[in-house]
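Trainee: please find the sequence and the predicted model below.
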Amino acid sequence: MAEDSTTKSLSRSYLFAFLGLLMLALTLFVIWDDEYGLRPWKKYQTQYKELKRVQLENDYQHALVEFDSAGGSQKLAELEIKLKEAEEIFQSPENQNKYNTLKSSLEEVQEALSKNQNQLQRYRGELLETEYFYIKNQNSEDKAKMQELQNKIDNVDGRRKRLLEQEESLKESIMTFTSGIEELRAQIQNLKSPLEEKKERLAKLDDVPLEIKQIHINDVGKADRCESCHIGINDVEQVSDEQPFTKHPASFIYLKHHQSGEYGCTFCHRGQGRATTSIEKAHGNVKHWDEPMYEGDMTQTSCLTCHSDVKGLRGAEYINNSTELFKKYGCYGCHKISGYEGLREIGPVLTEVGSKTNYSWMVEWLLDPKSYFKTARMPKFFFTKQEAESIADYLFSMTRTVRQDEDYEAVEIDWDLADKGKNIWSQSRCNLCHVTGGRGGNHIKMYAPDLSEVGTKVNKEWLFNWIKDPKKYFPETKMPRFRFSDDEIHALVEYIMSEYIDDDYEPTYAEPEPIALESIENGKRLIQKYGCYGCHELQGMEEMTQVAPLLRQQGISFLRKDEMGEKIGTELSSIGSKPVDLLDFGKLKKLIPHDRLSYLKQKLRAPRSFRDNLLMPDFQLTEDEVNQLSAILYGFTDAHVPARYVVPSQHELYQLAGAEEFKFSGDFEKLVEDVKCTNCHPIKGIGADYAPDLSIAGSKLQETWIKRFLGSPDVIRPLIQQMPNLGLAQGSITMPRFNLGKEEVLSETNKSDIDIVLNYFQQELVSKDIPKKVPELESVPLDEQISLGKKLYDDKGCMACHQIGMDGGAVGPNLSDIGNRLNEGFIFVYLKDPKRFKPDVVEPNYNLSERERIYLTNYLMTLKLDSN
Amino acid sequence: MRDLMDKVKKNVIWKSIFRRDYKENVRDRAVAIFGNVFLHLHPVQVRESAVKLRYTWGMGGITFLAFIVLVITGVVLMFYYHPSVDQAYDDIKDLEYQVPYGVILRNLHRWAAHFMVIVVMIHMFRVFMTGSYKAPRQFNWVIGVILLVLTLLLSFTGYLTPWDQLGYWAIVVGTNMGAATPLLGFEGPFSEYFGITAYNDVRFALLGGTQVGGNALLRSYIWHCVALPLLSIILMFVHFWRVRKDGGISRPQ
């Protein structure tokens, strides 16, 4: 305790000073970091300003040169001299004297007016007051006073009117002195203003502050600050093609319909809209941010958030193709996805496949479908040969008792008949959908099997029955029923069985071999395990087969409906927002990037690579297909958007309105079902867009032409319009000959096919906006109208795209026979605005006047080929 | 220079604040400490051995410093934060991306919080190892233990405020532990004898419901920003006062 008795003082000033300085340095760093380090957008905005300055400067210089070359400066100088002269005249003492006198008298008048006004107000006030007393007291004195006041008011008011007239005339006289000068000034201003505007924009650039640009959307809690860096996104002309200075691509579609103030950026692009401190953070490419930014085509996946239907939606082509691809592969067969319920099973019915195909073909097909033809939709299941045989056994056992291949060697070919068949094959345009020998299959949106080797797959009897009535075997097939006679079918079958065969074919199962019961049981188990019924109908046929009772006696039963109800795949309704942590990367955990997109792509590329014993088959997709499919899978989210963003599909609109959806009716419905018109033609929103839209065919086409065309179709449109990517010879595609109107009669009404179509066209597929006739012009004789029309046709350069006879381009339809084909009323309306009927049509709108349209229509109606 | 100093010092305002002149001597130093509301808790003089860092490590004082930093930054943070489910997370993001000095502000609060928990532990360790919990300081030890619990609770309640996955699950787990506490939680032992259900147990009290939602966020916010700091401040001053009254800061005997 002794040490404590003395008091000591200690100083730590050096340590304190050192720490103080350290603190200061840190503080300075924090200030710098907050001002620049954490605000990289300041740098971008500065750079953008410089780029913009260059752009505006160029713009200004360019305008200046143009102004000079157009003699602008000379004109300006002249005007200025004139102005000076005028001003000099105005300034001369004599004129000035007159001007000043006028002005001072105007002032006097105006002063008098204002006094007058005061007086008037006072009298009126008094009048009101007196009126009040009069009403209250009913005093005759007041009455007299009121009269007096009224007189005064009239008097003053009369004076006022005279003064006003005086004022007006004085003003006019003054104007005569100055009007010339004013006009000259206005002219100079007009001349200079475009230039000055540009100059002003340049000067104003300096006033633009560096600041965070934010789009705040309250009801979805979004605050997108993307434009802080992407400062030129709304530019009409971009300052640079480097990021982040570019403008939005195709903004006339995307931004026009989704104004950034209403939608922001992350609505479609995702990413982290609030982040401003680094590119990675803003784009959401950081750990724990679930939604990395979408770029390029992938962005279209967001269309699905609000648009229930992207078919025909401009700017959503990629996602629309993805949707079609998704449907083409029938992913919904195994996976439950909301919005894809109750769609048709994409594979053929298999209950009677034993009567259709060759046994060894079936086994080969099961082992690897793409080895038979490479456009096969059926995926590879990696079966062993024994497994494939078991499945084949199960399927064949519904109609047969033995395994055995067809003896194709023994099939006799009638070559004359085959020759006839070849003709029918080409008239029926079989190659439009079916590929043979690598050719055909132009209708890309329609999947049909490759027939190159079909002659060693099926048998004659089945093929005959199939062509005769495809729906009998496969009710939901897309194959049309051509109205062939039996003889024609025989010829066609003969041709197919002789032409499209596998030359190297050798029967593997030449000798009959009874189907083993264990194998059937095994096949049944495999079918259940892999869920073949997701795509193929194969139940409910127990009673109908000859073999089944026998098998049943032996204790074997076929799969019942309730044994194959479930979809075996994972539900995909919200796969696009499934947390990454819930995705099972299995064996590939360390090998591929740990994000949703990489997972989906890997799953599509090699479905069983994550673990052993996975069930999903390999579709052998191309990389493009993988990208497209992952785009649509990304679009299946559980995102909820406010109702104002949602765009219902046509179907939903009908539902909302409580209205019946458009459906075909009567005989026409049956006909469409039979001939599959909507495989190619869109009609009022139903069907593919491969052939011309028939929604208003009744208003558009002439009756006689429809009849003739359906009887024997020929080329109207060059190929290029339908299949821009194929580069096939032009004119090689026409509608197949369905043999409509031949002896066949569809229903009790005893009408021929053609009459049914015609009737329906004229009654249902008409537009009330299209008149039957062109309005008549009495003032101009028809001959003259026609020649004026021809002149217009030449002047507007129509032949650049359209062909008449042998002259003209081949972009638009050939017009040689248009007078026989189209109704004049339709042409007349169509010319007014071509885009009205087909939004993506190439034809420009020439803004023709009504008179011009009449001339042109009348001219076009004279273009007729006399084929009959 | 002198004139200037005189001008500054010899007027009513200066005198009303500082009352008297200051000369560098023992008496004036003592008077300065006495006369200052913030310093008068501190003894005017301390023994030399008590100032030695190697004995006390200064951890108690450093804990208090961390607490002061937390209060200051915490108050500023409150200007930028809404304790609502819709806005909380976005507010935190805005602190990072948009609020001037938001990053340093938030991180100072966070670092200081971690720091306080660490130093308070070390402080306790030192007190234990030097036997400073013994008489006459038993009561202050108890106060200290309560302050430790308050510190941890402050950390825990602050954890939920950003409303992110980390905080969310921490609170889920933490309050479920509460639910499994004997007597207090409905899943704990003996709860059935006392009529404890999911709707009247400690978890319900903490969350303002049975799930981590808006009420839980609001409750943790109030605890974090108002109730617990007030309690801590009161107990801290008792703690400091008792340091003096129980024989000054502990030192080698």
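Mentor: Sure, I can see it.
Trainee: not including adjacent chain positions, what is the nearest residue to B:G174?
Mentor: Closest residue to B:G174 apart from its sequence neighbours, by C-beta to C-beta, 6 or more residues apart in numbering or on different chains: B:F156 at 6.2 Å. For glycine as for every other residue, the C-beta is placed from the backbone atoms N, C-alpha and C.
Trainee: the one you found: what's it in contact with?
Mentor: B:A170, B:I171, B:G174 (C-beta atoms under 8 Å, 6 or more residues apart in numbering or on different chains).
Trainee: for the chain, what's the longest helix?
Mentor: No chain in the question, so chain A it is. Determined from DSSP state H, the single longest helix within chain A is helix A:140-204.
Trainee: look at chain B instead
Mentor: Longest helix in chain B, counting by DSSP H: helix B:102-129.
Trainee: any of the contacts of B:F156 buried? List them.
Mentor: B:I171, B:G174 (16 or more other C-beta atoms under 10 Å in any protein chain shown).
Trainee: of the contacts of B:F156, closest to chain A?
Mentor: B:A170 (15.2 Å; C-beta to the nearest C-beta).
Trainee: and chain A, what are its domain boundaries?
Mentor: A:71-207, A:215-306, A:353-563, A:666-763, A:782-860 (automatic domain parsing).
Trainee: among these, which comes closest to chain B?
Mentor: domain A:215-306 (4.6 Å).
Trainee: quick check: mean pLDDT across the closest one?
Mentor: The pLDDT scores in domain A:215-306 average 88.
Trainee: residues of chain B that sit close to chain A?
Mentor: B:26, B:45, B:47-49, B:51, B:86-87, B:90, B:93-94, B:96-98, B:100-101, B:103-104, B:165 (C-beta under 8 Å from any C-beta of the partner chain).
Trainee: do that again at 7 Å, thanks
Mentor: Contact residues (C-beta under 7 Å from any C-beta of the partner chain) of chain B with chain A: B:26, B:45, B:47-48, B:86, B:90, B:93-94, B:96-98, B:100-101, B:103-104.
Trainee: most neighbours among those, please name it.
Mentor: B:Y97 (24 neighbours; other C-beta atoms under 10 Å in any protein chain shown).
Trainee: surely that one is in contact with A:T277?
Mentor: Yes: B:Y97 is within contact range of A:T277, at 5.8 Å (criterion: C-beta atoms under 7 Å).
Trainee: excluding chain neighbours, what is closest to A:L417?
Mentor: A:E494 is the one closest to A:L417 (C-beta to C-beta, 6+ apart), at 4.3 Å.
Trainee: which SSE is the one you found in?
Mentor: For A:E494, the host element (DSSP states H and E) is helix A:486-499.
Trainee: ok, the next helix or strand after that helix: who's next to it in the sheet?
Mentor: The element immediately downstream of helix A:486-499 (helix or strand, assigned by DSSP H and E) is strand A:513-514. Using DSSP bridges, strand A:513-514 pairs in its sheet with strand A:402-403 (antiparallel).
Trainee: re earlier: helices or strands up against the longest helix of chain B?
Mentor: helix B:59-79, helix B:88-97, helix B:138-160 (3 or more C-beta pairs under 7 Å, 6 or more residues apart in numbering or on different chains; DSSP states H and E).
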